[in-house]
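Asks: Sequence and predicted structure below; questions after.
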Amino acid sequence: MHEMIKKILILISTFIFAIYPTKSGAQNININDLITNAKEFNHKIISVKGEVIGESLKRDRYGWVNIKDSTNAIGVYMKNEDIKKIKVYGGYNKIGDKLEVEGVYNKACSEHMGDTDIHAIKVDIIESGIVTEPDVPSYKILIAVGLIMISFSVNYILYKKHK
C-alpha cells in the first residue's frame, strides 16, 4: 500500500514540475556577448546578472537603471516598483545590489531613440549591496597633514612680509 502511494506521489510531482517549469527559457548571458552578438539576441528574451551602478532615472511608471557585470554595462528599462526594491547603487565606496534581470534585449530600441537596452520582464535582487569604508593608507594621511602645515607656514610668512 505504501509503495502504491509513493508511486502516485512521484507521478503527481513529476506532472506538476512538467506543467510549471522552474526555469524560464531565457538564456543567461554576459553583457559583452549581448553587445558583440547583438543581431543574434535582438528582440529575444534573455537573462543577465549584474551590479546596479550609478542612480536610477524614473519616468512616470517606468525608469532606467544601469547594471554591469565583469564584462560591460547596459541600461535596463523597468517598472518603478522594481526600482524601489534596489537599496544600494554601486559607486565610490559602494558595491551595488546584484540583480538578475530577465527581459527583451533591443539592439536599437525603437521606443528609446535607438539605444541598446533591455526591457525588464522580471527583476530579482540576488545579493544585497554594501557600503565599504575607503582604505586610506596612513602615509597618505601624514603627507596630507604635512602639506597643510607647509601651506599654513608659507601663508603666514607671506602675510608677515606684506604687513
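Replies: Cool, the structure landed. Residues are numbered from 1 along each chain as shown.
Asks: in this protein, which spans are strands?
Replies: With strands called from DSSP state E, the chain shows them at 27-28, 45-59, 62-68, 73-79, 94-95, 98-106, 117-127, 130-131.
Asks: any chance of those in TSV, plus distance to residue 137 and mean pLDDT?
Replies: Heads up, the C-betas are built off the backbone N, CA and C, glycines and all. Shown next, in TSV, are the strands of the chain (distance: least, Cβ to Cβ, whole Å; pLDDT from 0 to 100):
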stretch	distance to residue 137	mean pLDDT
strand 27-28	39	72
strand 45-59	26	94
strand 62-68	27	95
strand 73-79	30	95
strand 94-95	21	94
strand 98-106	29	95
strand 117-127	29	95
strand 130-131	20	92
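Asks: so can I have CSV of those showing distance to residue 143?
Replies: Shown next, in CSV, are the strands of the chain (distance: least, Cβ to Cβ, whole Å):
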stretch, distance to residue 143
strand 27-28, 47
strand 45-59, 31
strand 62-68, 33
strand 73-79, 34
strand 94-95, 26
strand 98-106, 36
strand 117-127, 37
strand 130-131, 26
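Asks: So what's the residue count around the nearest residue to residue 53 once chain neighbours are set aside?
Replies: Closest residue to residue 53 in three dimensions, ignoring its sequence neighbours and counting by Cβ to Cβ, 6 or more residues apart in numbering: residue 90, at 4.1 Å. Residues near residue 90, counting by other Cβ atoms under 10 Å, number 20.
Asks: Ok, residue 77 next?
Replies: 21.
Asks: Can you spell out which residues form a bridge with it?
Replies: Note on residue 77: beta-bridge partners residue 64, residue 119, judged by DSSP bridges.
Asks: So it is in contact with residue 118, correct?
Replies: Yes: here residue 77 reaches residue 118: they are 7.0 Å apart, a contact under Cβ atoms under 8 Å.
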